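# Any chance you can model this:
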Amino acid sequence: MTASPRCRILVVALSFAAAPFAVPTAARQQSAPTPAAAAAPSTVPAWAFPIPPSRGGGRGPAAGSAAGAASGPAAGAPAGAAGAQTPGPAAAQGAPAPARGRGAVDPTPRSVPNSPRQYTAAQTRDSFSIADWHPDEHPPLPDVVEHGRRPEVRACGYCHLANGFGKPENAPLAGQPAEYLIQQMHDFRDGKRLGSEPRVVGPALMVTISKAATEEEIHTAAEYFASVKRKPWIKVIEADMVPVTRNTGVMYAVVEGAGTEPVGNRIVEVSTNYEATELRDGGTPFLAYVPTGAVKKGEALVKTGGNGKTVACGICHGANMKGVGVVPSIAGRSPSYMGRQLYDFKSGSRHGTNSALMQPVVANLTDEDIVDMLAYLATLEP
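Numbers count the residues shown, from 1 in each chain. The predicted structure is shown next:
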């Protein structure tokens, strides 16, 4: 099946990069940045673009959170202000992502819920031989998904997990149309999918992998992930107060015993079992805290376009938002990941196939609109 001309308006909407959604607690009612402003790393919201500590993001609570107030101003602070997100010289687009520190080798076998398998922590960090905790819950793994190919084609399942469900830091690939996934790899390869914040490492890593991967590897991986049946993975919770979180470098984690803070205009996406998620368990789902009332407002925008503010998503993605062909599914996906894509379209840093049609669609959306739409979409059956 191919998309209709109208459907091509939202054709490229949201699927395949990396990095998580932490979120500022600033009051809701924020105006949308202009495309020129959004392209500057100092203006993208910290809740969508958490910066790894090795690239100047610092460790600790989310920018703009109550616990992080002492470390500097919230996301969107003027360039040069304390804590403002300005790019460093090592953050050039296309540069390989730095390896995460391993520390001392711990030989202790680790386990995760509902899996008979055991791996050491070091084994779960091997990007060329992934931990597959639940092999009976997905089709047999192709070699490129399980092992990749040294030196630059890391196993797809290392970041996106064996079942392709992904985490807030990267794209949920399971159940996406193979045609769409193939096109996104080509866009990465051709320099058409970068990122609004260069210090977020995912897009640069994908550029490296896509340039080294063969067409056979790309097609094999895409067909595998398209064949995986996706199940509910995100539980959306509307709340005025949410757990205090910290920036772990690629996603946000609850600070145990730190209490709560106002949600503000944020989506706070956290694992239900952070230790299992760190071990790359594909069976541990996520919670997404959103502002009270966001789901209903988001539903109106998604279904109607908000009286001309944007375009009803179902025109392209279908009534169930599950996409077809080069149109991706946007139902029940990580709101953190999808939010980054909307800002990338808005800034122009994502300018691949059909992206020019997405830019005017997002141009009039405010930060609050984006949070509301993502809140609703995350509630849908994937």
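
# OK, contacts around residue 146?
With contact taken as CB atoms under 8 Å, 6 or more residues apart in numbering, residue 146 is in contact with 129, 130, 132, 155, 157, 162. For the C-beta atoms, the positions are set from N, CA and C on the backbone; glycine is no exception.

# if we go to 10 Å?
128, 129, 130, 132, 140, 155, 156, 157, 158, 162, 224 (CB atoms under 10 Å, 6 or more residues apart in numbering).

# Might you report the residue contacts of the third one?
Residue 130 makes contact with 119, 123-124, 141, 145-148, 154-162, 280, 282 under the criterion CB under 10 Å, 6+ apart.

# right, and the secondary structure at the residue nearest to the spatial centre of the chain would be what?
The residue lying closest to the centre of the chain (CA atoms, centre = their mean) is residue 337, at 2.1 Å. With DSSP: H, G, I helix; E, B strand; the rest coil as the basis, residue 337 sits in helix.

# returning to that earlier point: filter the contacts of residue 130 to the buried ones?
119, 124, 141, 145-148, 154-162, 280, 282 (16 or more other CB atoms under 10 Å).

# Filter the residues you listed down to the ones in helices?
Per DSSP state H, helices hold the following members of these: 124, 145, 146, 156, 157, 158, 159, 160.

# Is it possible to get JSON lines of these that adds distance to residue 230?
Output for these, formatted as JSON lines (distance: CB to CB, whole Å):
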{"residue": "124", "distance to residue 230": "22"}
{"residue": "145", "distance to residue 230": "16"}
{"residue": "146", "distance to residue 230": "19"}
{"residue": "156", "distance to residue 230": "16"}
{"residue": "157", "distance to residue 230": "15"}
{"residue": "158", "distance to residue 230": "19"}
{"residue": "159", "distance to residue 230": "17"}
{"residue": "160", "distance to residue 230": "12"}
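
# okay, the contacts of residue 146 in a markdown table with distance to residue 294 next?
Supplementary listing: these in a markdown table, determined by distance: CB to CB, whole Å:
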| residue | distance to residue 294 |
| --- | --- |
| 128 | 41 |
| 129 | 41 |
| 130 | 35 |
| 132 | 36 |
| 140 | 40 |
| 155 | 36 |
| 156 | 32 |
| 157 | 32 |
| 158 | 33 |
| 162 | 32 |
| 224 | 34 |
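
# Give me the buried stretch members for stretch 202-213, please.
Here stretch 202-213 shows 202, 203, 204, 205, 206, 207, 208, 209, 210, 212, 213 as buried, counting by 16+ other CB under 10 Å.

# Can you redo these as JSON lines, where the extra columns are pLDDT, distance to residue 239 and secondary structure?
What follows is the buried residues of stretch 202-213, written out as JSON lines (pLDDT from 0 to 100; distance: CB to CB, whole Å; DSSP: H, G, I helix; E, B strand; the rest coil):
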{"residue": "202", "pLDDT": "92", "distance to residue 239": "28", "secondary structure": "helix"}
{"residue": "203", "pLDDT": "95", "distance to residue 239": "31", "secondary structure": "helix"}
{"residue": "204", "pLDDT": "94", "distance to residue 239": "34", "secondary structure": "helix"}
{"residue": "205", "pLDDT": "96", "distance to residue 239": "33", "secondary structure": "helix"}
{"residue": "206", "pLDDT": "98", "distance to residue 239": "33", "secondary structure": "helix"}
{"residue": "207", "pLDDT": "97", "distance to residue 239": "37", "secondary structure": "helix"}
{"residue": "208", "pLDDT": "98", "distance to residue 239": "39", "secondary structure": "helix"}
{"residue": "209", "pLDDT": "98", "distance to residue 239": "37", "secondary structure": "helix"}
{"residue": "210", "pLDDT": "98", "distance to residue 239": "38", "secondary structure": "helix"}
{"residue": "212", "pLDDT": "98", "distance to residue 239": "43", "secondary structure": "helix"}
{"residue": "213", "pLDDT": "98", "distance to residue 239": "41", "secondary structure": "coil"}
